[in-house]
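Asker: Got a predicted model here, sequence first, then my questions.
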Amino acid sequence: MTTHPPSLAIENIVILAAGKGTRMFSRHPKVLHPLAGQPLLAHVIGAARALRPRRIIVVHGHGGDAVAAAFPAADLHWVRQEPQQGTGHAMLTALPALTKQGVTLILYGDVPLIACDTLRPLARHAQEGGLALLTAHLTDPAGYGRIVRDTGGGVQSIIEEKDATPEQRQIHEINTGFMALPTRHLADWLPRLDTRNTQGEYYLTDIVPLAAAQRIAITTHHPQREWEIHGVNNKQQLAELERVFQRESARELLAQGVTLADPARIDIRGRLTCAQDVSIDVNCIFEGEVALGENVTIGAHCVIRNATIGKDTVIEAFSLIEQAMVGDSCRIGPFARLRPGARLAATVHVGNFVEIKNSNIGDNSKINHLSYIGDSDLGKNINVGAGSITCNYDGANKHRTTIEDNVFIGSDTQLVAPVTVKKGATVGAGSTITRDVPADGLTLSRSKQVSVPSWRRPVKKSQ
């Protein structure tokens with residue numbers, strides 16, 4: 001959801017992420033709740049990194065250890081705000097971690113969809129020595145601080161709604177909280193803040209009248225889309241932003257030429273890359289890094305996670321593919337499961353209720369019905385009959401099964417690993433194979449069939 005603009009000379013980006021999130025009714029810190037498969041804070045960090053500042057400082061508080069542990073990257077500097085006494089106090093806590101020169105840009109850990117293109121004008125104005133605010137005109141401004149201007153149109157102050165007069169509450173230009181300014185001004189203004197307000201907190205917005213008093217140029221900029229400034233305070237708002245993210249992701253796919261059966265019924269929780277002529281049916285979920293090759297068709301209700309799908313492949317409905325690689329011109333499903341480590345070559349068929357884990361499947365091989373292939377290496381032109389399995393686990397260790405080219409495995413066969421089926425062999429249906437199978441011939445393992453003519457089924461006793 002963020003673009004990667006040219007580098008700006010931003011010294012510091014501070015992300016305020018210390019809020020408790022009481023209205024989430026959760027033991028988890030608010031900024032760790034997921035949107036599109038990633039924590040809210042991850043989206044904001046992504047936007048910050050795309051702007052390439054010299055330093056990213058995250059101010060954390062509630063659940064602070066858990067928040068910092070979720071983002072162990074070395075490029076993040078963590079500052080703990082304790083107790084939490086408002087946004088001004090959060091910035092004052094972060095002040096010692098800032099580089100003293102240059103520009104500081106302030107973001108919010110619970111406003112995940114802010115775009116880099118919206119933030120760049122703020123940074124540019126701050127580089128010229130002024131204070132840049134991101135504001136918006138809302139039909140319903142309830143809950144937001146209001147931008148108070150003088151008779152000449154200049155910004156005079158920001159009044160939080162709880163402190164506003166009835167007349168000020170009629171103002172429709174609101175403060176989003178995002179701002180950029182020279183860091184030297186923060187060092188001057190933050191120690192001068194006080195708590196004389198209805199909430200008894202240090203408001204970061206109180207630096208605005210200090211800037212106005214010093215005749216510092218204050219400019220306002222507006223987001224390209226209103227949803228960029230929407231924050232998350234409860235599960236309802238989280239769900240609404242999830243739909244915004246998914247709608248925008250679907251719009252981008254459609255613009256690239258991807259066919260979506262219903263753009264309102266697709267979920268992308270990571271990055272989905274599609275080549276030409278990809279078609280996706282309804283209610284599919286894509287997680288992590290997923291790449292779909294040219295002319296790939298995805299059936300309804302599929303879940304694909306960290307996988308690569310080759311060109312001309314069809315994934316039938318209700319299939320689950322996770323950490324797998326599927327080659328060209330394959331046919332998967334319906335109701336198939338490819339688990340981590342499954343690697344399929346070209347023209348492989350994997351049918352209904354087939355599970356493959358940590359296995360290599362060669363060109364033109366078929367596993368079409370009710371089978372399990374785990375920890376195995378299958379060659380080319382193999383047919384695995386219905387109900388066949390590799391017995392790869394002895395209760396303590398995993399063992400591999402090898403099936404060489406041109407092998408036919410009859411239905412209801414158990415291959416007890418470690419075992420090798422040599423090239424061209426045929427294994428008869430119903431066999432349990434515990435030793436290597438020689439090439440080309442037929443191998444059977446069956447008990448003698450016995451019939452008992454006088455046997456009768458038990459019947460229920462009369463009551």
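Answerer: Good, I have the coordinates.

Asker: Just give me how far the helix-or-strand element of the chain with minimal mean pLDDT sits from the chain centre.
Answerer: The helix or strand of the chain with the poorest confidence is helix 64-69; it has a mean of 88 (mean pLDDT, DSSP states H and E). Its chain's average C-alpha position is 19 Å from that of helix 64-69, according to CA atoms, centre = their mean, to the nearest Å.

Asker: got the buried residues for it?
Answerer: Gly64, Val67 (16 or more other CB atoms under 10 Å). C-betas here are computed from N, CA, C, even on glycine.

Asker: what's in contact with that helix?
Answerer: Here helix 64-69 makes contact (CB atoms under 8 Å, 6 or more residues apart in numbering) with Ala17, Ala18, His28, Pro29, Val31, Leu32, Leu41, Val58, His60, Trp78, Arg80, Glu82.

Asker: Filter those down to the buried ones.
Answerer: Applying 16+ other CB under 10 Å to the contacts of helix 64-69 flags Ala17, Ala18, Pro29, Val31, Leu32, Leu41, Val58, His60, Trp78 as buried.

Asker: still on that earlier bit, so which of the contacts of helix 64-69 sit within helices?
Answerer: Residues of the contacts of helix 64-69 located in helices (DSSP state H): Leu41.

Asker: just curious, which of the contacts of helix 64-69 is nearest to Lys423?
Answerer: Leu32 (53.0 Å; CB to CB).

Asker: Show me what the residue nearest to the closest one when sequence neighbours are not counted bridges to in the sheet.
Answerer: Of all residues not flanking Leu32 in the chain, Pro39 sits nearest, at 4.6 Å (CB to CB, 6 or more residues apart in numbering). Pro39 has these beta-bridge partners by DSSP bridges: Pro34.

Asker: And the pLDDT for Pro39?
Answerer: Pro39 is assigned 97 on the pLDDT scale.

Asker: Could you tell me the phi and psi values at Pro182?
Answerer: Dihedral pair for Pro182: phi -60, psi 140, per degrees, to the nearest 10.

Asker: what's the spacing between it and Gly88?
Answerer: In this structure, Pro182 and Gly88 are 17 Å apart, going by CB to CB, to the nearest Å.

Asker: Can you give me the buried ones in stretch 10-29?
Answerer: So, applying 16+ other CB under 10 Å, buried residues of stretch 10-29: 10-19, 21, 24, 29.

Asker: So which of the residues you listed sit within strands?
Answerer: Asn12, Ile13, Val14, Ile15, Leu16, Ala17 (DSSP state E).

Asker: Quick check, pLDDT for the fifth one.
Answerer: So the one you mean is Leu16. 97.

Asker: can you pull the contacts of it?
Answerer: Contacts of Leu16 by CB under 8 Å, 6+ apart are Val59, Thr87, Ala90, Met91, Ile106, Leu107, Tyr108, Gly109.

Asker: for the protein, which helix is longest?
Answerer: Per DSSP H, the chain has its longest helix at helix 235-255.
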